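please work out how this folds:
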Amino acid sequence: MSWISDIVREDFNRARRKAFFSQLLSLLGRSNNALLPFEEVRSRLNVRQQHYLGSQTVPLANIVGSEGRYSDFNREFAPRHDATKFRWMSVDRAHYEDVPLPAIELYKIGDVFFVKDGNHRVSVARQQGQQDIDAVVTELVVDVPLRPDLSMRDLLLKEEYSDFLAWTGLSDLRPDQWIEFSEPGGYLDLVRHINAHRYFLDLERDAPVSREEAVCSWYDNVYLPVVEVLRAQNTLRAFPSRTEADLYRWIMDHRWYLRERNDGADPGPLVAAADYARLFGRKSLTELTEWLVRSLRATFASSTREAA
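Predicted coordinates for the structure are as follows:
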């Protein structure tokens with residue numbers, strides 16, 4: 001059928017144009033629209049186990065990488081060069097002729113998927129406007145969350161997070177934990193905080209404290225109190241694109257500064273967070289006034305209770 005040949009040829013040309021303009025926009029915006037290499041993602045994370053999930057219907061938008069053909073397609077699975085043309089067109093022809101094709105094979109890590117077999121079928125499905133695709137899925141279980149907007153820069157942060165969780169065991173000790181930074185280096189600071197906390201626990205108890213106990217004590221008595229203040233005061237509004245862990249890190253430095261300035265008197269997480277937001281956060285004058293009033297009231301009430 002020559003008309004089908006014409007259609008699939010035009011479909012491929014349209015897909016190539018889409019890839020070209022997507023690459024152009026990526027260059028202009030200094031972003032990266034490449035597929036993620038499965039092996040690199042897997043090698044950077046601590047895989048706890050692997051198991052077979054069987055047949056599933058998977059959102060195409062959640063397929064963000066490939067095991068072996070990540071250089072042939074962009075992030076939307078549009079073909080990046082003509083070498084894929086004839087294979088791509090044969091899959092597209094099967095679509096128009098209602099020829100059934102086998103389910104693709106995917107790896108699942110977090111909430112994202114990587115193509116093991118079926119890259120061209122994914123590409124054609126996306127070009128045809130499909131939202132989902134049938135797949136046979138194998139899951140690799142990791143401790144860190146992965147989302148469909150995952151980039152290579154994000155992956156470097158996930159690698160640090162994964163190593164931090166492996167060192168602390170925090171994902172097992174506190175399964176509800178969620179500690180993510182927006183820039184590299186934060187987890188190394190957390191390790192220093194935990195080691196310092198462990199040192200002072202040793203002195204306080206006059207006995208060695210295990211790493212596991214120190215991690216739990218740091219999380220429950222140091223990290224969470226600061227995070228709870230941030231949530232209660234909705235502090236993240238004043239720091240767009242930042243995370244709770246970012247603010248914890250900076251507020252702890254600021255808390256130390258306030259303690260040194262006040263002859264060793266610890267201001268506590270509430271006052272330290274309020275003062276840090278006052279100095280460095282993006283807030284309107286009205287929001288700032290309300291923030292400080294709430295903080296001062298809470299501090300006064302706490303002082304009154306302690307005096308009583």
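
now do the host helix or strand of residue 191: which elements does it pack against?
For residue 191, the host element (DSSP states H and E) is helix 186-205. Helix 186-205 sits against helix 152-168, helix 211-218, helix 244-261, with contacts defined as 3 or more Cβ pairs under 8 Å, 6 or more residues apart in numbering; DSSP states H and E. From N, CA and C alone the C-beta is placed, and that goes for glycine too.

for the ones you listed, which has the smallest mean pLDDT value?
Among these, helix 244-261 carries the lowest mean pLDDT, a mean of 90.

show the subsequent helix or strand relative to that one.
Per DSSP H and E, the helix or strand that comes after helix 244-261 is helix 268-280.

what helices and strands are in contact with that following helix?
Using 3+ Cβ pairs under 8 Å, 6+ apart, helix 268-280 sits against helix 224-232, helix 244-261, helix 285-307.

buried residues in it?
For helix 268-280, a neighbour-count test (16 or more other Cβ atoms under 10 Å) marks 268-277 as buried.

avg pLDDT for that helix?
Mean predicted confidence for helix 268-280 is 84.

contacts only, for the nearest residue to residue 139 once chain neighbours are set aside.
With Cβ to Cβ, 6 or more residues apart in numbering as the criterion, residue 139 has its nearest non-adjacent residue at 4.4 Å, and that residue is residue 108. Neighbouring residues of residue 108 by Cβ atoms under 8 Å, 6 or more residues apart in numbering: 53, 114, 137-140.

between those residues, identify the one with the most neighbours.
residue 114 (25 neighbours; other Cβ atoms under 10 Å).

okay if I get the helices and strands packed on helix 186-205 as TSV plus mean neighbour count and distance to residue 18?
Converted to TSV, the helices and strands packed on helix 186-205 look like this (neighbours: other Cβ atoms under 10 Å; distance: least, Cβ to Cβ, whole Å):
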stretch	mean neighbour count	distance to residue 18
helix 152-168	18	22
helix 211-218	17	48
helix 244-261	18	36
